[in-house]
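S.K.: Mind looking at a prediction? Sequence and model below.
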Amino acid sequence: MLERRIVEKPWGRRHPGKDFGDLGDGRIGEIWFLPPPDDTRSPLLKFLFTSERLSIQVHPDDKVARRTGAPCGKDECWLVVTGDDDARIGVGLNRNTDHEALRAAALDGSIMDMIDWRRAHVDDFIYNPAGTIHAIGAGLTIVEVQQNCDTTYRLYDYGRERPLHLDEALEVAHLSPTRDERDCSIDPNAASELVRGPYFHLHHLVAPFDPATVANAKGMMTLLPLAGDCRVAEVSILVGQAAQFDDPNLLDLRKGARALLAWAA
Ligand SMILES: O=P(O)(O)OC[C@H]1O[C@](O)(CO)[C@@H](O)[C@@H]1O
């Protein structure tokens, strides 16, 4: 079973749900499922719980991140688990811009109107490559799978008193609209491959699980249950937990179960 880290955030949610246990009265933004310290390759899986918008932000790629001393950059992707009717996720820009206009918009807040805000529905899957300006909206529970690095450059934070990183963000941000070909709406009743590298692999699994569907898996795999009875070597892994193992034949999903399975590319 992977160790959990509970992270409070100004945009987090109080009491995110009984699946996650008693987390106190703070605003819980994230639950991280930490790979063991000697595992530097596996992706990091998190639940995100939002009651307000996250910052408008961007992440560096491997090259820029390593120049700053970080182990890697940050591609990330999201599966929407629950969402309010009007929940939105901003991915990329809705028009072309340049550095000067983007800086001015970040400073006066009009960057909010430059974001491509999309309605977020349960089972939407969105891949967010490093360099894409993005902003997760309020009223969402999301599973995030990301390169295991936490470098975020904030462009705008709705007046919260947290630091911005305008110079760093402007250096890495893509200045045109974007749409990733992996974005889709997942069929909750069907297994599917969501990501095939270059940083990690990610599959949506449903019962009955066939190990042949992940025949290309190598090394440690991380299982994150979404629903139902998921077992690794006969041990139940519940929603709100995650486990690592290295042999897909150890995995069993009972009737009605769904999960995500991720491993390093
Ligand atoms: O700077 P903020 O608004 O707290 O957002 C940081 C969070 O945003 C994310 O990058 C998701 O976009 C998380 O991985 C990260 O922890």
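M.R.: Looks like it arrived, so ask away. Numbers count the residues shown, from 1 in each chain.
S.K.: wait, doesn't residue 265 sit right on residue 217?
M.R.: No: contact criterion Cβ atoms under 8 Å: residue 265 and residue 217 do not qualify, at 10.8 Å. For every residue, glycine as well, the C-beta is placed using N, CA and C.
S.K.: Show me the common contact partners of the two, please.
M.R.: Common contacts of residue 265 and residue 217 (Cβ atoms under 8 Å, 6 or more residues apart in numbering): residue 201.
S.K.: The ligand contacts on the stretch 51-200 of the chain?
M.R.: Applying Cβ under 6 Å from any ligand atom, one finds that the stretch 51-200 of the chain approaches the ligand through 54, 55, 57, 76, 134, 136, 144, 146, 152, 154.
S.K.: out of residue 265 and residue 217, which sits in the more crowded spot?
M.R.: residue 217 (18 against 15; other Cβ atoms under 10 Å).
S.K.: Tell me which residues of stretch 97-105 come out buried.
M.R.: Judged by neighbour count using 16 or more other Cβ atoms under 10 Å, the buried positions of stretch 97-105 are 97, 102, 103, 105.
S.K.: Does the third one belong to a helix, a strand or coil?
M.R.: Secondary structure assignment for residue 103 (DSSP: H, G, I helix; E, B strand; the rest coil): helix.
S.K.: Most proximal residue of the stretch 101-250 of the chain with respect to the ligand?
M.R.: For the stretch 101-250 of the chain, the residue positioned closest to the ligand under Cβ to the nearest ligand atom is residue 152, at a distance of 4.7 Å.
S.K.: tally of neighbours for that residue?
M.R.: Using other Cβ under 10 Å, residue 152 has 15 neighbouring residues.
S.K.: what's the answer for residue 234, then?
M.R.: So residue 234, with other Cβ under 10 Å, has 7 neighbours.
S.K.: Which strands border the top strand by length along the chain, and is each parallel or antiparallel?
M.R.: Longest strand in the chain, counting residues (DSSP state E): strand 3-13. With DSSP bridges as the test, strand 3-13 is paired with strand 28-34 (antiparallel).
S.K.: hmm, back to that, filter the residues of the stretch 51-200 of the chain next to the ligand down to the ones in strands?
M.R.: Secondary structure from DSSP E places 57, 76, 134, 136, 144, 146, 154 of those in strands.
S.K.: you'd agree residue 63 is up against residue 70?
M.R.: No: between residue 63 and residue 70 there is no contact under Cβ under 8 Å: 10.9 Å.
S.K.: the more surrounded of those two?
M.R.: residue 70 (16 against 10).
S.K.: Can you tell me how far that one is from residue 152?
M.R.: Separation of residue 70 from residue 152 (Cβ to Cβ, to the nearest Å): 11 Å.
S.K.: can you tell me which residues contact the nearest residue to residue 239 once chain neighbours are set aside?
M.R.: Closest residue in space to residue 239, ignoring its immediate chain neighbours: residue 19 at 4.5 Å, by Cβ to Cβ, 6 or more residues apart in numbering. By Cβ under 8 Å, 6+ apart, the contact set of residue 19 is 238, 239, 240.
S.K.: gap between the two ends of stretch 15-30?
M.R.: End-to-end distance of stretch 15-30 (Cα to Cα, to the nearest Å): 12 Å.
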